[in-house]
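Student: Could you look at this predicted model? Sequence included:
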Amino acid sequence: MIPEFCSNRVFYSAKLPEACPIAYRSITKILDKYGVPHEALKATKDIWVRDFMPIQEYLGFLLRYNYMPDYLRTEAKYRDLISDPVKVCEANGIKACPNISGIRMDGGNVVHGGMKVIMTSKVFEENPKMTVNRLSRLLEDHFSAELIILPWDTNEIYGHADGIVRFVDDDTVIMTNYQQFDPKMAARFRNILKAHFKVVRELNYDVEHLSENSWAYINWLQTDKVLIIPSFGIPEDEQAQQQIKRWMPQYRDCIEMADASDLVREGGCLNCATWTIDSRRLQSLP
């Protein structure tokens, strides 16, 4: 997989400026400051482009998958929010590989470094006709990377790994502050991650009243020039920035905070609402 720190181009839904104007203005202002190209994706049905856009592998190919999430498809009132990745790619001149695997999943449940990919076990629930072993092998072949599975915390219906953990490098990850919400689940995550990584950092906030949004700092937007962390106008903002700056020294002088107060109210944050690629390895983009 292409590490996220190699991403040099950012996309978001054309619906984002109207749906979350505060976050949109804040994100694009920072991207412009650092000279990171960005543009809106046409033909999207909601703002969570990370979930349905293809995933870029090491050689630069864009890998498609079956996007049909249970939290949208099971209720008729939500089905109109399911974007068609094929139509979105066609509308924007993006050439992705055919979906030959038939695997059903969300892009928000794929957190990748170089040679490792982290997902939650929600992916097994989404593909009940495949055995765990067969699906695991298919995913590793699909991504050409080692697959690490975390348990799905069913209190969180989406089952997305990008709300739990992110890569610093292939040997180091940072977890969100799960310990402050659910110590038992945090311990399960920690034990699994420590079997695959030399260093596992955990965000933590020393505040009198912990915000329910404090999980979302891990859901940052990462490019090769800048790391953008969400902010919510709460005491945890500064503590999150200082911890991440200390643990990600490659971004020490290029970490910014974007006001995501309207975005997080919709149920996700910066990574969820953006799609990033390394366009230097992709010949099919205009």
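Tutor: Received the coordinates, thanks.
Student: For the chain, just list every one of the strands.
Tutor: 9-13, 38-41, 55-56, 62-63, 111-112, 116-120, 146-150, 165-169, 172-175, 199-202, 221-222, 227-231, 255-259, 275-277 (DSSP state E).
Student: So what touches the first one?
Tutor: To tie it back to what came earlier, the one meant is strand 9-13. With contacts defined as Cβ atoms under 8 Å, 6 or more residues apart in numbering, strand 9-13 is touched by 19, 24, 27, 31, 36-41, 44, 46-49, 53, 92, 221, 223, 273-279, 285. All C-beta atoms are positioned from the backbone trio N, CA, C, and that covers glycine.
Student: packing partners for the lowest-mean-pLDDT helix or strand in the chain?
Tutor: The least trusted helix or strand in the chain, going by mean pLDDT, DSSP states H and E, turns out to be helix 76-79, with a mean of 89. For helix 76-79, the packing partners by 3 or more Cβ pairs under 8 Å, 6 or more residues apart in numbering; DSSP states H and E come out as helix 70-73.
Student: and the helix it packs on, what other elements does it pack with?
Tutor: Helix 70-73 is packed against helix 76-79, with contacts defined by 3+ Cβ pairs under 8 Å, 6+ apart.
Student: And the contacts of the helix it packs on?
Tutor: Helix 76-79 has contacts (Cβ under 8 Å, 6+ apart) with 71, 72, 73.
Student: My read is that the last one contacts residue 81, right?
Tutor: No: counting by Cβ atoms under 8 Å, residue 81 is not a contact partner of residue 73; they are 9.8 Å apart.
Student: Could you list the buried residues of stretch 85-99?
Tutor: 85, 86, 88, 89, 92, 94, 96 (16 or more other Cβ atoms under 10 Å).
Student: all helices of this protein, in order?
Tutor: Applying DSSP state H to the chain gives helices spanning 16-19, 21-33, 49-52, 70-73, 76-79, 85-91, 122-125, 132-143, 183-194, 236-247, 261-264.
Student: How about the contacts made by residue 83?
Tutor: Going by Cβ under 8 Å, 6+ apart, residue 83 touches 43, 44, 45, 46, 49, 52, 67.
Student: Please look at the third one and residue 87 and confirm they touch.
Tutor: No: under the contact definition of Cβ under 8 Å, residue 45 does not touch residue 87, with a separation of 9.5 Å.
Student: any chance of the contacts of helix 76-79 in a markdown table, with pLDDT too?
Tutor: Formatted as a markdown table, the entries for the contacts of helix 76-79 read as follows, by pLDDT from 0 to 100:
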| residue | pLDDT |
| --- | --- |
| 71 | 94 |
| 72 | 95 |
| 73 | 92 |
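Student: what bits of the stretch 151-286 of the chain have low per-residue confidence?
Tutor: Residue ranges of the stretch 151-286 of the chain with pLDDT under 70: 283-286.
Student: likewise the stretch 1-150 of the chain?
Tutor: Counting by pLDDT under 70, the stretch 1-150 of the chain has low-confidence residues at 100.
Student: redo that, cut-off 80
Tutor: Scanning the stretch 1-150 of the chain for pLDDT under 80 picks out 98-101.
Student: Pull up the gap between the residue lying farthest from the centre of the chain and residue 236, please.
Tutor: Distance from the C-alpha centroid of the chain, by Cα atoms, centre = their mean, peaks at residue 208 (29.0 Å). Relative to residue 236, residue 208 is positioned 11 Å away (Cβ to Cβ, to the nearest Å).
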